[in-house]
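Asks: structure, please.
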Amino acid sequence: MWPRQSSLSAVEIDSFLTPNLRHHSHSVDTLRACPEVADWVKETYGLLTHAMEEGESSAFYEALDEISSKFDEACHAFGRLVTAEEKKLELVQQQQVSTRAELDCELQQLHQTQARLEQSESQLHQTQARLEQSESQLHQTQARLEQSEGQLHQTQARLEQSEGQLHHTQAQLEQSQTWITAMESSKFWKLRAKWFRVKTTLGIKKPENHGKLGW
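Replies: Here you go, the predicted structure:
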């Protein structure tokens, strides 16, 4: 049985719960038209509204007791389902915690992988810079090598030219020696040699203005 209220408590309640302080105010017909509201809620609201307008009665309390009994039976009937759902919810929450821990571990591994990736990229940039520097030095070395090869070709050309001049000079020298040998073996040269011997025997001096042949 619901506790009965005195006239003084009813006046105090009515003075405290003024219509202006209500957040929501709906009629019985409006509530009954809402399909998402349970039937026992609609019935309870109708009884309370009728009691507020017409006053309380024994039928009012009997109806409320009947609704309370139905509610208790429903709680007992659905208690196991609610308990099972609560256990499922607890299991899901535990799985969420486990999943969250795994996710945190994967995120940590991802951060470590990103750090290693950044380190690898930094090393790659350094290696590329060293490679570019090496390629630049290689180009400079190749340029110096080409310059040295050009100078070598010029030196070889000058050497070949000098060797050609030397061969020409040697040929001229050999030709002169051949010509001198031919002159010395000629009768004129032999007669000239005899003439010098005769001049030496007779004591004839060599004239100052004579030519190279000593005439």
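Asks: domains for this protein, by residue range?
Replies: If you go by automatic domain parsing, the domain ranges for the chain are 7-81, 185-215.
Asks: which stretch in the ones you listed is the model least sure about?
Replies: Of all the domains of the chain, mean pLDDT reaches its minimum on domain 185-215 (a mean of 67).
Asks: Gln114 versus Gln108, what's the distance?
Replies: 11 Å (Cβ to Cβ, to the nearest Å). No exception for glycine: its C-beta is placed from N, CA and C like everyone else's.
Asks: ok, Gly203 next?
Replies: With Cβ to Cβ as the criterion, Gly203 and Gln114 are 119 Å apart.
Asks: more neighbours: which of the two?
Replies: In this view Gly203 and Gln114 are compared by other Cβ atoms under 10 Å, and Gln114 has more residues nearby, 10 against 6.
Asks: quickly find the element holding the more buried one.
Replies: helix 58-184 (DSSP states H and E).
Asks: show me what the helix or strand following that helix is packed up against.
Replies: Proceeding N to C from helix 58-184, the next assigned helix or strand is helix 187-202, under DSSP H and E. Under the contact criterion of 3 or more Cβ pairs under 8 Å, 6 or more residues apart in numbering; DSSP states H and E, helix 187-202 touches no helix or strand at all.
Asks: distance between helix 187-202 and the chain's centre?
Replies: 105 Å (Cα atoms, centre = their mean, to the nearest Å).
Asks: okay, Gln126: pLDDT?
Replies: For Gln126, the predicted pLDDT is 94.
Asks: contacting residues for it?
Replies: Gln126 makes contact with no residue, according to Cβ atoms under 8 Å, 6 or more residues apart in numbering.
Asks: gap between it and Glu135?
Replies: 15 Å.
Asks: next: Thr141.
Replies: 11 Å.
Asks: then Glu86?
Replies: 71 Å.
Asks: and Val198, how many neighbours?
Replies: Using other Cβ under 10 Å: Val198 sits among 10 other residues.
Asks: swap in Ala63?
Replies: 17.
Asks: grab the nearest non-local neighbour of it.
Replies: Closest residue to Ala63 apart from its sequence neighbours, by Cβ to Cβ, 6 or more residues apart in numbering: Leu47 at 5.4 Å.
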